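Enquirer: any chance you can model this:
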Amino acid sequence: MRPIYLTSLSFAAVFCAACSSQPPATWSYQDAQARTPQPPDQLYPELFEAVQRQQVFTDQKHFVDALPNRDPAQIRADYLARHDDVGFDLKAFVKDNFIESGEAESPAPKPGEPIEEHIDKLWPVLSRTYRQVPQYSSLLPLPQPYVVPGGRFREMYYWDSYFTMLGLERSGDKAQVRQMTDNFAYLIDTYGHIPNGNRTYYLSRSQPPFFAYMVELQAHIEGDQAYGRYLPQLQKEYAYWMDGASTLKPGEAAKHAVKLVDGSVLNRYWDASPTPRQESWMQDVKTAEQAPDRPKEEVWRDLRAGAESGWDFSSRWLGDGKNLATIRTTSIVPVDLNSLVYHLERTIAKACETVQNAPCVQAYGQRAERRQRAIEQHLWNGEGGFYVDYDWQRHQQRQQLSAATLFPLYTGLASAEHANRTADAVRQGLLRPGGIATTQVNNGQQWDEPNGWAPLQWVAVEGLDRYGQSALAQQIGSHFLQQVQDLYGKENKLVEKYDLSGQGNGGGGGGGEYELQDGFGWTNGVTLKLMSKYSGGVPQRMAGQ
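Expert: Sure, this is the predicted structure:
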């Protein structure tokens, strides 16, 4: 099937061309609160499983993004009536009943075009407007335009978007920063949280909570009145992450909340659905089969929780650090998540201050202080000198050093002593020729060695700078910029992740469940910010580094 690249204006035309009939009804962002969107595995479950099991498409995400060209109930009925017929052709059936979504293409730059100019030209290419969509689409409509990452990622993603917005602001597109912030506020108001992405199959989970940073960015642009405007949504997001916490007993967890045995309340990643991810269905089924001693629902929820973390997948979440079937994300209290929730608490207190609500300021300030103490007590590894994750079921720290250790510095909760010791540990354990490594483990997972990711470089640079470790910050930032420039010079593109080992001579990263993606939203944003921060542009690496 030939991919069709859809815009909000072309949906109806595509449908008429595909089925020679009137286009189906659409629904808009204004209708969303009155609807309960169903993902594809619920609309036509038998067909969905058959397509994914037989791997009709190389990428399992492709089918859940495909558009039914008529009522899914009719498609399901026809499939059930015909699938046992002699000579039934599943691929042909899918071709007749669905319209494929094409990838978000990234045009090559002109010869010699500076990287900043190329990125500025990419923003409109990666921008989308879907105020309404056909009623059976897995895409969720949004009131304002937004930027997608690129490649197979054809929708707006939560934490990706913050780093993209940093680049938009740097490019002078302050209007779109506001539009995207408004989109996320709309998602909170409509669904009670910000989903992983604006797809029906992402509604059961969120992603690292960067909405407070988006509000902070908007306040930087327009002034502190932005805090007050988004205060209701900030509080609603906080309620989502803390749902169930008030009734927990020590040693219990509910949804995203965990109460440790000493009464400290922290957070974990979690997903409301204990089923295989629709966009990676076959991979998750196979992973559960490799863990015969565990309930498959437990494995699937841990895989989904790993996807919510954004680090999908990493040795951070694995019981043995190597095999995905040992994943136990929901058993882990992550240092990055809790640092972000701390920042959310601080941001709510700031917003309450702007509207002169003193009791609110005090309440959220106290919550932030309690969380800060709990992080320092349970997530600080005094022997190693860096922040770690905590296994709340086994009542012990996970000793692994990862780039997540820098989030307490990024959010400003670390003490000066702990920040300096963390910087030393990062310098000795994670600094690579191309920037800061994600972990020290090389096991084929994409959020492990040797891959480096733009958002983690920015967190490292900003966090270290905040505590006076500017030399190390610049070393990380300039090395990553050189990595980006090397690949841009060789292949005329920016990519999702990079191999930082120095062995690939500026190559893109590998591993994971899909091919390396071009685009790429958060790489574009972080590259512009780093080039701005280090005004010399893209400096050469020092000899021996």
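Enquirer: distance of His118 from Gly509?
Expert: 20 Å (Cβ to Cβ, to the nearest Å). Using the backbone N, CA and C atoms, a C-beta is placed for each residue, glycine as well.
Enquirer: rounded mean pLDDT for the helix or strand where Lys490 lies, please.
Expert: Assigned by DSSP states H and E, Lys490 falls within helix 470-491. Here helix 470-491 scores 95 as its mean pLDDT.
Enquirer: that one - contacts with which helices or strands?
Expert: helix 115-126, helix 416-429, strand 431-432, strand 435-436, helix 454-466, strand 497-499, helix 521-533 (3 or more Cβ pairs under 8 Å, 6 or more residues apart in numbering; DSSP states H and E).
Enquirer: and of these, who's closest to Tyr269?
Expert: helix 454-466 (16.2 Å; Cβ to Cβ).
Enquirer: tell me which other helices or strands the closest one touches.
Expert: Counting by 3+ Cβ pairs under 8 Å, 6+ apart, helix 454-466 packs on helix 158-170, helix 407-410, helix 416-429, strand 435-436, helix 470-491, helix 521-533.
Enquirer: buried set for the helix or strand just after the first one?
Expert: So the one you mean is helix 158-170. Following helix 158-170 in sequence order, the next helix or strand is helix 174-191 (DSSP H and E). In terms of neighbour count (16 or more other Cβ atoms under 10 Å), helix 174-191 has its buried residues at 174, 176-188, 190-191.
Enquirer: ranges for the strands of the stretch 251-400 of the chain?
Expert: Along the stretch 251-400 of the chain, counting by DSSP state E, counting those that start in this stretch, strands occupy 252-254, 257-259, 265-267, 332-333, 380-381, 386-387, 389-391, 396-398.
Enquirer: would you give the sheet partners of the second one, along with the direction of each?
Expert: Strand 257-259 sits in its sheet next to strand 252-254 (antiparallel), strand 265-267 (antiparallel), going by DSSP bridges.
Enquirer: and the fifth one, by the same measure?
Expert: Sheet neighbours of strand 380-381, with direction, are listed as strand 386-387 (antiparallel) (DSSP bridges).
Enquirer: what's next to the partner strand, contact-wise?
Expert: By Cβ atoms under 8 Å, 6 or more residues apart in numbering, the residues outside strand 386-387 that reach it are 335, 375, 379-381, 401, 404-405, 407-408, 414, 418, 421-422, 425-426.
Enquirer: about what we covered before: need the strands of the stretch 251-400 of the chain in a markdown table (columns: mean pLDDT and mean neighbour count).
Expert: Output for the strands of the stretch 251-400 of the chain, formatted as a markdown table (pLDDT from 0 to 100; neighbours: other Cβ atoms under 10 Å):
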| stretch | mean pLDDT | mean neighbour count |
| --- | --- | --- |
| strand 252-254 | 98 | 17 |
| strand 257-259 | 98 | 22 |
| strand 265-267 | 98 | 22 |
| strand 332-333 | 98 | 26 |
| strand 380-381 | 98 | 22 |
| strand 386-387 | 98 | 30 |
| strand 389-391 | 98 | 23 |
| strand 396-398 | 98 | 17 |
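Enquirer: picking that back up, now, among the contacts of strand 386-387, which is nearest to Pro359?
Expert: Ile375 (24.8 Å).
Enquirer: mind listing what that closest one touches?
Expert: Applying Cβ under 8 Å, 6+ apart, the residues contacting Ile375 are Leu266, Val335, Asn338, Ser339, Tyr342, Tyr387, Pro408, Leu413.
Enquirer: what do you get for Gln469?
Expert: Neighbour list for Gln469: Ala419, Asn420, Ala423 [criterion: Cβ under 8 Å, 6+ apart].
Enquirer: ok, and the most crowded of those?
Expert: Scoring those on neighbours with other Cβ atoms under 10 Å, the highest-scoring entry is Ala423 at 25 neighbours.
Enquirer: for it, what are its contacts?
Expert: Leu409, Leu464, Tyr467, Gln469, Leu472.
Enquirer: show me how to select, in ChimeraX, the buried members of the residues you listed.
Expert: With 16+ other Cβ under 10 Å as the criterion, this ChimeraX line picks the buried residues out of the contacts of Ala423:
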select :409,464,467,469,472
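Enquirer: redo the contacts of Ala423 as CSV? Include distance to Lys490.
Expert: Shown next, in CSV, are these (distance: Cβ to Cβ, whole Å):
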residue, distance to Lys490
Leu409, 33
Leu464, 29
Tyr467, 35
Gln469, 32
Leu472, 28
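Enquirer: out of the contacts of Ala423, what pair is the most spread apart?
Expert: Leu409 and Leu472 (11.0 Å).
Enquirer: mutual contacts of those two, please.
Expert: With Cβ under 8 Å, 6+ apart as the test, Leu409 and Leu472 both reach Ala423, Leu464.
Enquirer: so what's the residue count around Trp458?
Expert: Summarising burial for Trp458: neighbours were counted as other Cβ under 10 Å, giving 24.
Enquirer: can you tell me, leaving aside adjacent residues, what's nearest to it?
Expert: Excluding its sequence neighbours, the residue lying closest to Trp458 (Cβ to Cβ, 6 or more residues apart in numbering) is Val526, at 4.8 Å.
Enquirer: average pLDDT across stretch 230-246?
Expert: Looking at stretch 230-246 alone, the average pLDDT works out to 98.
Enquirer: now it: how far from the chain's centre is it?
Expert: Once both centres are worked out by Cα atoms, centre = their mean, to the nearest Å, stretch 230-246 turns out to sit 19 Å from its chain's centre.
Enquirer: buried residues in stretch 442-451, which are they?
Expert: Within stretch 442-451, the residues scored as buried using 16+ other Cβ under 10 Å are Asn443, Gln445, Gln446, Trp447, Asp448, Glu449, Pro450, Asn451.
Enquirer: the third one and Tyr498 touch, don't they?
Expert: No - under the criterion of Cβ atoms under 8 Å, Gln446 is not in contact with Tyr498, lying 11.2 Å apart.
Enquirer: on that earlier part again, wait, which of the buried residues of stretch 442-451 is closest to Arg128?
Expert: Out of the buried residues of stretch 442-451, the member with the shortest distance to Arg128 (by Cβ to Cβ) is Gln446, at 24.8 Å.
Enquirer: residues in contact with the closest one?
Expert: Asp312, Phe313, Lys497, Gly509, Gly510, Gly511, Gly512, Glu513.
Enquirer: just give the closest residue to Pro195, not the sequence neighbours.
Expert: Tyr202 (4.4 Å).
Enquirer: now do Lys497
Expert: Nearest one to Lys497, counting by Cβ to Cβ, 6+ apart, is Gly509 at 3.5 Å.
Enquirer: also Gln218?
Expert: Ala226 (4.3 Å).
Enquirer: gap between Glu345 and Thr190?
Expert: Counting by Cβ to Cβ, the gap from Glu345 to Thr190 is 23 Å.
Enquirer: state the number of residues packed around Asp31.
Expert: Per other Cβ under 10 Å, the neighbour tally for Asp31 reads 12.
Enquirer: same deal with Gln235?
Expert: 17.
Enquirer: is it true that it touches Ile348?
Expert: Yes - contact criterion Cβ under 8 Å: Gln235 and Ile348 qualify, at 6.1 Å.
Enquirer: export the strands of the stretch 251-400 of the chain to a markdown table and tack on distance to Lys95?
Expert: Output for these, formatted as a markdown table (distance: least, Cβ to Cβ, whole Å):
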| stretch | distance to Lys95 |
| --- | --- |
| strand 252-254 | 45 |
| strand 257-259 | 46 |
| strand 265-267 | 44 |
| strand 332-333 | 43 |
| strand 380-381 | 55 |
| strand 386-387 | 51 |
| strand 389-391 | 46 |
| strand 396-398 | 47 |
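Enquirer: for Glu353, find the nearest of those.
Expert: strand 265-267 (23.5 Å).
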